[in-house]
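Trainee: This is a predicted model, with the sequence first.
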Amino acid sequence: QVQLVESGGGSVQAGGSLRLSCAARGYTYDTYCMGWFRRPPGKEREGIAVIDSDGDTAYAESLKDRFTISVDNAKNTLYLQMNSLKPEDPAMYYCAASTRYSCAEVDFGYWGRGTQVTVS
């Protein structure tokens, strides 16, 4: 079992930055891939970025210039640096972990409860 707890959300003005954190607890040794996802109000969940155990990353094309995913393995913590936030970025942001040899969204079996981001 892997427990994920997000933090760092809040309200920020357009053009501002936020850094989200996701602390992973429990049996994290089998984690192959971690990722960030978001669900805007009234919309479907969408993928933001993933990072695998080799440190390779992949991003949603529309977000790659503003968002950066990283991980501190010593702290078992995943991060998402978000810059130049826009009015379309408000959402509940979730981190997730996959223990399968895959970074496909369908293979993320562990999810946090999310942290809210608001842009004014």
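Mentor: Okay, I see it. Not measured: the values here are computed from a predicted model. Residues are numbered from 1 along each chain as shown.

Trainee: so who does the residue nearest to the spatial centre of the chain touch?
Mentor: The centre of the chain sits closest to Trp36, judged by Cα atoms, centre = their mean, with a distance of 2.1 Å. For Trp36, the contact set (Cβ atoms under 8 Å, 6 or more residues apart in numbering) comprises 20, 22, 47-50, 67, 69, 78, 80, 93-96. (Glycine included, C-beta is placed from N, CA and C.)

Trainee: if we go to 6 Å?
Mentor: Neighbour list for Trp36: Ile48, Ala49, Leu80, Cys95 [criterion: Cβ atoms under 6 Å, 6 or more residues apart in numbering].

Trainee: gap between it and Val119?
Mentor: Plainly put, Trp36 is 16 Å away from Val119 if you go by Cβ to Cβ, to the nearest Å.

Trainee: just Asp56 next, same as before
Mentor: On the measure of Cβ to Cβ, Asp56 and Val119 end up 29 Å apart.

Trainee: which strand residues sit across from the residue nearest to the centre of the chain in the sheet?
Mentor: Beta-bridge pairing of Trp36 under DSSP bridges involves Ala49, Cys95.

Trainee: Can you tell me how far it is from Asn76?
Mentor: Taking Cβ to Cβ, one finds Trp36 at 16 Å from Asn76.

Trainee: Quick one: neighbours of the closest residue to Cys22 other than its chain neighbours, just the number.
Mentor: Closest residue to Cys22 apart from its sequence neighbours, by Cβ to Cβ, 6 or more residues apart in numbering: Cys95 at 3.4 Å. Cys95: 29 surrounding residues under other Cβ atoms under 10 Å.

Trainee: I'm done for today, thanks for sticking with me.
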